[in-house]
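S.K.: Just the structure for this:
(one chain, ligands or ions: 1)
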Amino acid sequence: MEKFFFYKMSGCGNDFIIIDNRNSIVPENNLSEFARKLCFRRMSVGADGLVLIENTSRADFKWQFYNSDGSLAEMCGNAARCAARFAYINKIADSQMSFETQAGIIFAQIMEQENVKIKITDPKDIKDKDIIKVNNSPVEFISLNTGVPHVVIETSDIKAVDLIKMGKDIRFHEKFAPAGTNVNFISRKSDNIISIRTYERGVENETLACGTGCVASALAAAKEYNVPSPIQCLTKSGNYLTIYYSKSRSDNQDTFYNVFLQGDARIIYKGELNKDAWNW
Ligand SMILES: N[C@H](CCC[C@H](N)C(=O)O)C(=O)O
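M.R.: Modelled structure (predicted):
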């Protein structure tokens with residue numbers, strides 16, 4: 001098949017290409033290379049990631065999520081909201097749905113207008129504050145997995161952070177090898193509002209928003225400051241994501257459950273892909 005349709009969508013400024021591949025219309029075997037080329041800005045459509053919708057018997061659908069560098073990721077919070085709205089609009093699922101990711105089953109609900117709320121898999125590997133040396137300076141962080149690995153670092157002036165340099169140094173730090181990690185810097189604006197900037201693994205750059213990063217940052221704030229749910233995250237794009245959660249503590253361990261991420265899932269356009277978009 002030389003031409004097929006795709007949606008370009010944006011979740012809070014994190015942008016994605018979404019293709020209904022349930023009939024295997026994608027004519028390439030190397031899907032990682034296919035993703036990398038489609039996501040390459042100015043040479044092709046350009047995006048932070050590619051979502052391929054597929055069939056499964058375990059949920060309404062399943063997906064493969066590729067970062068823009070072609071790496072597969074277990075989960076993506078902003079793309080999950082976009083995929084849910086794509087599935088609803090294209091009658092692949094009802095307004096309440098479930099879909100299978102490598103991190104587990106995600107539940108989604110279409111809210112008013114372009115708002116979508118998802119229930120993510122229970123966060124795991126929640127560690128207490130730790131310190132690493134970055135360029136011979138100590139950096140204090142909390143690490144946890146919200147579908148993909150994240151570290152959260154609090155700073156007094158988020159605008160002053162050299163996000164790309166610090167992000168790269170921490171993302172590739174031996175402490176997080178071999179999988180690496182996403183890197184989030186946060187500043188608390190009020191009791192339940194945090195500003196966030198994220199260096200994203202697999203995009204290898206700062207993105208305008210990171211859904212699982214906002215969840216990780218909100219839960220790190222909840223763990224450190226006992227902030228009640230919900231927490232709002234002000235992202236680099238200027239849009240907000242809202243995180244809802246329940247928290248329990250036993251044996252000096254925090255457990256989070258019923259964790260939801262809510263925000264926009266905007267359709268930028270519906271396009272027809274030519275072979276030139278990936279065959280270059
Ligand atoms: N780059 C991430 C996956 C996408 C996460 C982010 N876009 C989100 O919205 O959660 C990783 O490889 O761990």
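S.K.: Can you list the buried residues in whichever helix in the chain runs longest?
M.R.: Scanning the chain for the helix with the most residues, using DSSP state H, yields helix 211-225. By 16 or more other Cβ atoms under 10 Å, the buried positions in helix 211-225 come out as 211-223. In short, each C-beta sits where N, CA and C put it, glycine included.
S.K.: gap between R266 and A80?
M.R.: 14 Å (Cβ to Cβ, to the nearest Å).
S.K.: again, but for N182
M.R.: When distances are taken as Cβ to Cβ, N182 and A80 turn out to be 15 Å apart.
S.K.: quick one: which of these two has more around it?
M.R.: A count of neighbours by other Cβ atoms under 10 Å puts A80 above the other of N182 and A80, at 29 against 26.
S.K.: That one contacts G104, doesn't it?
M.R.: No - counting by Cβ atoms under 8 Å, A80 stays clear of G104, with 11.4 Å between them.
S.K.: that older thread, check which helices and strands the next helix or strand after the longest helix of the chain sits against.
M.R.: Downstream of helix 211-225, the next assigned helix or strand under DSSP states H and E is strand 231-234. Contacting strand 231-234 under the criterion 3 or more Cβ pairs under 8 Å, 6 or more residues apart in numbering; DSSP states H and E are the following elements: strand 193-200, helix 211-225, strand 240-250.
S.K.: Can you check which of those gets nearest to the ligand?
M.R.: Between the ligand and the helices and strands packed on strand 231-234, the shortest separation by Cβ to the nearest ligand atom is 3.3 Å, and it involves helix 211-225.
S.K.: Confirm that E28 sits in a helix.
M.R.: No - for E28, which was evaluated using DSSP: H, G, I helix; E, B strand; the rest coil, the result is coil, with no helix membership.
S.K.: For the helices and strands packed on strand 231-234, give me a markdown table that also has mean pLDDT and distance to the ligand.
M.R.: As requested, the helices and strands packed on strand 231-234 are exported to a markdown table (pLDDT from 0 to 100; distance: least, Cβ to the nearest ligand atom, whole Å):
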| stretch | mean pLDDT | distance to the ligand |
| --- | --- | --- |
| strand 193-200 | 98 | 4 |
| helix 211-225 | 97 | 3 |
| strand 240-250 | 95 | 9 |
